[in-house]
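1. have a look; sequence and predicted model below, questions after that.
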Amino acid sequence: MLRGVKKSMRAEGHCRTRVGTAICTVAASVLVLHLDGSPAAGVDIGSGHRTAPNFARVDLERRQVSLADYRGKVVLLNFWATWCAPCLAEVPHFAEWQRTYGGPGALQVIGISMDDQEPPVRAAYQKYGLNYPVVMGDESLGELYGGVLGLPITFLIDRQGKIRFKHRGLSDLDVMKREIQQLLSGQ
Amino acid sequence: MGAYFEKGHWSCLAAVLLASGSLPCMGAERDIPQAQLLLPAELAQMLRTSTGEKPLILQVGSHVLYAEAHIPGSEYVGAAGQESGLQALRDRMKGVSRDRLVVLYCGCCPWSRCPNIRPAHRELTALGFTHLKVLYLADDFGTNWVTLGYPIAKGR
């Protein structure tokens, strides 16, 4: 981000003028908004939606989970970990949405834990009453999805298997819910 | 960045940030002194120009995320939010000179919610490390380091 600010300053060449002061202030304000940690809205990743990479793993219940098997459903794919506080704030909502919107042709939540070990994941699975499959992730799965280098990250995948929205960091769950409803309605 | 801002503009930037209460020294981040915070650009510069003793750079978060990408030359220690990670940190620092420059980083989660960075900082402070820096990653390692094009290495 600092590079971005720097680049924009260089491009404008304004930092040595009064106008530059104003630009600096605006840039600082943008920086402030960014640092403030306010929830990030979902990012519609554009019209060229890419197909969600397929993966197959065994979940905590020892069932085979393959993303391709959920084609025809809207999928909420959530990368999380038990040590990630924002993740733990989200997962009860995902369980609720699975109850509300789940069913044939509807929503399917899939959790991918980026924990190093399974026991704490299993404990959290019980504690939070997760009602959707949770598989253990690793660096190869993270890289498959463009790099999971900070949590949480959630992808919303439409019925055709295309990634339509991506949420990174502290998410606005109201926005995410609206996006799910949008995908469920076939838009 | 300094080359693009005159002194007055730095003041302007700092004033706006301070007024907003959003500088890393504010709010939940008060427990790590601002003087010990290192911005990604500063560390990247340090890595490029360091000619003497290299800083000891320690990742104190997730091993999976470290395997995906980490700062070249950095070592994975353990998740300092857990006792096992803190013990691994203590063990790693045995025999390390207390005046060695040490840089801690995590970047697993948004800064204010990171479970690892503050315990690691407290531990090394308690152990008497005097040249301690903490990499300030506002969002996460991906957003504030990798996406900005700073160098990375992969693997465990």
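-> Received, thanks.

2. OK, contacts around the one residue in chain A that gets nearest to chain B?
-> Taking CB to the nearest CB as the measure, chain A has A:Gly150 as its residue closest to chain B, at 2.1 Å. C-beta coordinates here come from the backbone N, C-alpha and C atoms, glycine included. Contact analysis of A:Gly150 by CB atoms under 8 Å, 6 or more residues apart in numbering or on different chains lists A:Arg168, A:Gly169, B:Leu65, B:Gly107, B:Cys108, B:Cys109, B:Pro110, B:Asp139, B:Asp140, B:Phe141, B:Gly142, B:Thr143.

3. hang on, isn't B:Gly78 packed against B:Ser62?
-> No: using CB atoms under 8 Å, B:Gly78 is not in contact with B:Ser62, being 9.8 Å away.

4. which of these two has more neighbours?
-> Regarding B:Gly78 and B:Ser62, a neighbour count based on other CB atoms under 10 Å in any protein chain shown identifies B:Ser62 as having more, with 28 against 24.

5. list the contacts for the more buried one?
-> A:Ala81, A:Trp83, A:Met114, A:Asp115, A:Asp116, B:Ala79, B:Cys108.

6. residue contacts, the fifth one?
-> A:Asp116 sits next to B:Ser62, B:His63, B:Val64, B:Ala79 when contact means CB under 8 Å, 6+ apart.

7. if we can go back for a sec, between the contacts of A:Gly150, which sits nearest A:Ala56?
-> Set against A:Ala56, the nearest of these by CB to CB is B:Leu65 (22.3 Å).

8. once you drop chain neighbours, what's closest to the spatially most central residue of chain B?
-> Note on chain B: the residue nearest the mean C-alpha position is B:Leu135, at 1.8 Å, using CA atoms, centre = their mean. Closest residue in space to B:Leu135, ignoring its immediate chain neighbours: B:Tyr105 at 3.7 Å, by CB to CB, 6 or more residues apart in numbering or on different chains.

9. how would you label the spatially closest residue to B:Gly155 that is not a sequence neighbour: helix, strand or coil?
-> Ranked by CB to CB, 6+ apart and with sequence neighbours excluded, the top spatial neighbour of B:Gly155 is B:Ala67, at 6.2 Å. Following DSSP: H, G, I helix; E, B strand; the rest coil, B:Ala67 is assigned to helix.

10. is B:Ala67 in contact with A:Asp138, as I believe?
-> Yes: counting by CB under 8 Å, B:Ala67 touches A:Asp138, with 7.4 Å between them.

11. residues of stretch B:83-103 that come out buried?
-> Judged by neighbour count (16 or more other CB atoms under 10 Å in any protein chain shown), stretch B:83-103 contains these buried residues: B:Gly85, B:Leu86, B:Ala88, B:Leu89, B:Arg92, B:Met93, B:Leu101, B:Val102, B:Val103.

12. just the pLDDT for the residue positioned nearest the centre of chain A.
-> The centre of chain A sits closest to A:Thr154, judged by CA atoms, centre = their mean, with a distance of 1.8 Å. Here the pLDDT value assigned to A:Thr154 is 97.
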